[in-house]
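Participant: build me a model from this:
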Amino acid sequence: MPAMELTRNRAALIVVDMQNSFCADDGGCGKTGLPIQNLQKAIDPCVRLVAAARAAEVPVIFTRYVYRPDYADGGGMIKHLIPELRDVGALQAGTWDIEIVPKLTPEDGDFIIDKNRPSSFYATNLETMLNGLDVESLVVCGVTTNCCVESTVRDASHRDYKTFVVQDAVAELDEERHEVALRSMDMLFADLKTVNDVEIAWGVHNSTAATAAE
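Facilitator: Next up, the predicted model:
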């Protein structure tokens, strides 16, 4: 199957759910006992991608998983699947838990999409925003590979965006699920790339590599 061409033209970077809850030692998900240290592996690669996007003048879109303080919008996740999230007060609107990790703090000109389901497209204005930005290609990084990343990637593919998953800038709680999700997305929904691939395609490889080395 021929690979799609990745360029900076009409592209956007989507950084999925790189939040304190998922990536900080004292975040809500860690308090439930989930092995969030596996998710922390995505932080530095995402930092490189965000730097590359800004250098290439590619829009940066951060997504955040956010629930109402009363969890009325929690649905099956809160009621049945991981009620421990409610028990520890995870992902509540207006709290430190939902904020993007400090290394990836959004800047003026970046975009933030809040959601309460795995897909970044479900019940959000993401598609409207992408249309307004005249985007046709999406580069996706963040957490978790098997849940919010894959859900977003599948929905992007269904909307006919050229979609690229940066395989060394996504992470999952379980390594086996991570690998299976990558293979699944690569089969039908996206092309897999590395951070280096993206930097080179966007023409910023030398500058971002030098910055990362400092």
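
Participant: show me where this structure has helices.
Facilitator: According to DSSP state H, the chain carries its helices in the segments 20-23, 28-31, 43-56, 75-76, 84-87, 126-132, 150-158, 175-188, 195-201, 205-213.

Participant: go through these and pick out the most buried.
Facilitator: Of all the helices of the chain, helix 20-23 carries the top mean neighbour count, a mean of 26, counting by mean count of other C-beta atoms under 10 Å. Placement of C-beta: from N, CA and C, glycine included.

Participant: which elements pack onto that one?
Facilitator: Applying 3 or more C-beta pairs under 8 Å, 6 or more residues apart in numbering; DSSP states H and E, we find helix 20-23 packed against helix 28-31.

Participant: show me where pLDDT drops low in the protein?
Facilitator: Scanning the chain for pLDDT under 70 picks out 1-2, 207-214.

Participant: hey, which strand is longest across it?
Facilitator: Criterion DSSP state E: the longest strand present in the chain is strand 162-171.

Participant: ok so, going back, can you put the helices of the chain in CSV and add distance to residue 99?
Facilitator: Putting the helices of the chain into CSV (distance: least, C-beta to C-beta, whole Å) gives the following:
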stretch, distance to residue 99
helix 20-23, 6
helix 28-31, 12
helix 43-56, 14
helix 75-76, 22
helix 84-87, 16
helix 126-132, 19
helix 150-158, 20
helix 175-188, 24
helix 195-201, 24
helix 205-213, 23
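
Participant: mind checking which of those is nearest residue 169?
Facilitator: Between residue 169 and the helices of the chain, the shortest gap by C-beta to C-beta is with helix 43-56, which sits at 3.6 Å.

Participant: residues in contact with the closest one?
Facilitator: Helix 43-56 has contacts (C-beta atoms under 8 Å, 6 or more residues apart in numbering) with 8, 13, 15, 18, 23, 58-60, 101, 103-104, 107, 139, 141-142, 166, 168-169, 195, 198-199, 202-204, 207-208, 211-212.

Participant: run the angle between that helix and strand 162-171 for me.
Facilitator: 140 degrees (axes from the mean of the first three to the mean of the last three C-alpha atoms, to 10 degrees).

Participant: then helix 43-56 to PDB, C-alphas only?
Facilitator: Extracted in PDB, the C-alpha atoms of helix 43-56 (Å, rounded to 0.1, in the frame of the first residue of the first chain):
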ATOM      1  CA  ILE A  43       6.300  13.600  27.100                       C
ATOM      2  CA  ASP A  44       9.700  14.400  25.600                       C
ATOM      3  CA  PRO A  45       8.900  13.200  22.100                       C
ATOM      4  CA  CYS A  46       5.700  15.300  22.200                       C
ATOM      5  CA  VAL A  47       7.800  18.300  23.300                       C
ATOM      6  CA  ARG A  48      10.000  17.800  20.100                       C
ATOM      7  CA  LEU A  49       6.900  17.600  17.900                       C
ATOM      8  CA  VAL A  50       5.300  20.700  19.400                       C
ATOM      9  CA  ALA A  51       8.600  22.600  18.800                       C
ATOM     10  CA  ALA A  52       8.800  21.300  15.300                       C
ATOM     11  CA  ALA A  53       5.200  22.300  14.600                       C
ATOM     12  CA  ARG A  54       5.700  25.800  15.900                       C
ATOM     13  CA  ALA A  55       9.000  26.200  13.900                       C
ATOM     14  CA  ALA A  56       7.200  25.000  10.800                       C
END
